[in-house]
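>>> predicted model and sequence below, questions to follow.
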Amino acid sequence: QAQLVESGGGLVQAGGSLRLSCAASGLAFSLYGMAWFRQAPGKEREFVAGIGRSGESAHYKDSVKGPFTISRDNAKNTVYLQMNSLKPEDTAVYYCAARFTFGDTTPVTRGDYALWGQGTQVTVSS
């Protein structure tokens, strides 16, 4: 059974950093595009960053370009999100998502991803 498990969330002060991890099991990880989404209270779940199967292509929500970096290690079946210079508005539950694909694209639409993790809470205090 395919599964994604996120970890690394927590409470951090504004300006601090966190590194989220998402460990995949039960799937051919290198054939999946991966993405991070987030959902703040009372808001829609939104795309944060995505990375292609090979790890060579990545793209980001405009507001996190620069401070956030997505990466993956196909040997470890894991995708990461390094978050620097965190702001209170980054507070949300962060979800890992996977999409089987023949290409290297990473859509920004929630409905394009079939497999989701349970989420990890990130709280940034001011």
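The structure has been received and is ready for your questions. Numbering: from 1, shown residues only.
>>> now name the helix or strand holding residue 76.
According to DSSP states H and E, residue 76 maps onto no helix or strand at all.
>>> residues near it, how many?
Other residues within reach of residue 76, judged by other CB atoms under 10 Å, total 12. (Each C-beta comes from the backbone N, C-alpha and C, glycine too.)
>>> excluding residues flanking it in the chain, which one is nearest it?
Distances taken as CB to CB, 6 or more residues apart in numbering place residue 23 nearest to residue 76, at 7.8 Å, with adjacent residues excluded.
>>> check contacts around the one you found.
Residues in contact with residue 23, defined by CB atoms under 8 Å, 6 or more residues apart in numbering, are 4-5, 7, 76-78.
>>> what's the spacing between residue 10 and residue 116?
For residue 10, the distance to residue 116 equals 20 Å [CB to CB, to the nearest Å].
>>> the two: which has the busier surroundings?
Using other CB under 10 Å, the more surrounded residue of residue 10 and residue 116 is residue 116, with 16 against 13.
>>> show me the shaky parts of the protein.
For the chain, no stretch has pLDDT under 70.
>>> please enumerate the strands of it.
Assigned by DSSP state E, the chain shows strands spanning 3-7, 10-13, 18-25, 32-39, 46-51, 58-60, 68-73, 78-83, 92-100, 115-116, 120-125.
>>> export those to TSV and tack on distance to residue 108?
Shown next, in TSV, are those (distance: least, CB to CB, whole Å):
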stretch	distance to residue 108
strand 3-7	18
strand 10-13	25
strand 18-25	17
strand 32-39	8
strand 46-51	4
strand 58-60	8
strand 68-73	13
strand 78-83	15
strand 92-100	11
strand 115-116	15
strand 120-125	19
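>>> for beta bridges, what are the partners of residue 58?
Here residue 58 sits in beta bridges with residue 51, going by DSSP bridges.
>>> got the contact list for it?
49-52, 70-71, 106.
>>> cool, and residue 118?
Counted by CB under 8 Å, 6+ apart, residue 118 has contacts 5-6, 95.
>>> contact partners for the residue nearest to residue 126 when sequence neighbours are not counted?
Closest residue to residue 126 apart from its sequence neighbours, by CB to CB, 6+ apart: residue 88 at 4.8 Å. Residues in contact with residue 88 (CB under 8 Å, 6+ apart) are 14, 124-126.
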